[in-house]
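1. Structure for the following, please:
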Amino acid sequence: MVGVPVARQYRRIMPRYIHSALAALVVAAQLSVPVAQAAASDYILVLVETTYPFGDDAVLEVRLIDTRTNAPVEGAVIFATRLDMAPDGMETMTSPVLAFPGEEPGLYRFSADLTMDGNWRFSVAAKVQGEMETVQAQIVIEVQP
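-> Okay, the predicted model is just below:
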């Protein structure tokens with residue numbers, strides 16, 4: 001392009017560079033779109049038993065299930081538990097909950113003293129590995145004399 005003014009050379013070359021750069025940006029943007037993650041609503045915490053006898057050292061077993069596949073979810077971190085009698089209007093009546101190892105994948109076990117017959121609310125929150133949202137449940141337990 002000898003003898004052609006520099007400004008004309010750029011007008012011929014620049015559109016090609018701009019198209020190439022835009023195409024590269026589009027491809028990069030498509031590759032950087034994050035893969036959709038599951039939501040907390042894709043998991044459910046289910047108490048294995050909902051009726052317990054009155055007394056100490058009751059074992060509460062909770063299953064964490066991926067509702068999309070019905071598969072148990074291992075390795076979740078249970079970080080909040082509470083057991084109280086809110087269903088019977090006594091939210092301040094609580095019992096400590098202690099976690100201990102489950103016996104099978106997706107099974108989370110807890111020990112609690114059920115010191116009074118009636119309805120108890122077991123609140124539990126879990127963090128599933130790789131998920132942004134917290135899975136939570138409030139399950140009513142019936143304690144019989």
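2. all strands for this structure, in order.
-> 43-47, 51-53, 55-66, 71-72, 77-85, 90-95, 97-100, 107-114, 118-127, 134-144 (DSSP state E).
3. Can I get those strands in a markdown table including mean neighbour count and mean pLDDT?
-> The C-beta positions use only the backbone N, C-alpha and C, and glycine is treated the same way. Listed next are those as a markdown table, based on neighbours: other Cβ atoms under 10 Å; pLDDT from 0 to 100:
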| stretch | mean neighbour count | mean pLDDT |
| --- | --- | --- |
| strand 43-47 | 18 | 96 |
| strand 51-53 | 12 | 97 |
| strand 55-66 | 16 | 96 |
| strand 71-72 | 14 | 97 |
| strand 77-85 | 16 | 96 |
| strand 90-95 | 14 | 97 |
| strand 97-100 | 14 | 95 |
| strand 107-114 | 18 | 97 |
| strand 118-127 | 20 | 97 |
| strand 134-144 | 16 | 97 |
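4. Residues in a beta bridge with Arg82, which ones?
-> Here Arg82 sits in beta bridges with Ser123, going by DSSP bridges.
5. Is it in contact with Thr94, as I believe?
-> Yes. Between Arg82 and Thr94 there is a contact under Cβ atoms under 8 Å: 6.9 Å.
6. tell me the contacts of the closest residue to Ile65 other than its chain neighbours?
-> Leaving aside its sequence neighbours, Ile65 sits nearest to Ile44 (Cβ to Cβ, 6 or more residues apart in numbering; 5.2 Å). Ile44 sits next to Leu64, Ile65, Thr67, Val135, Ala137 when contact means Cβ atoms under 8 Å, 6 or more residues apart in numbering.
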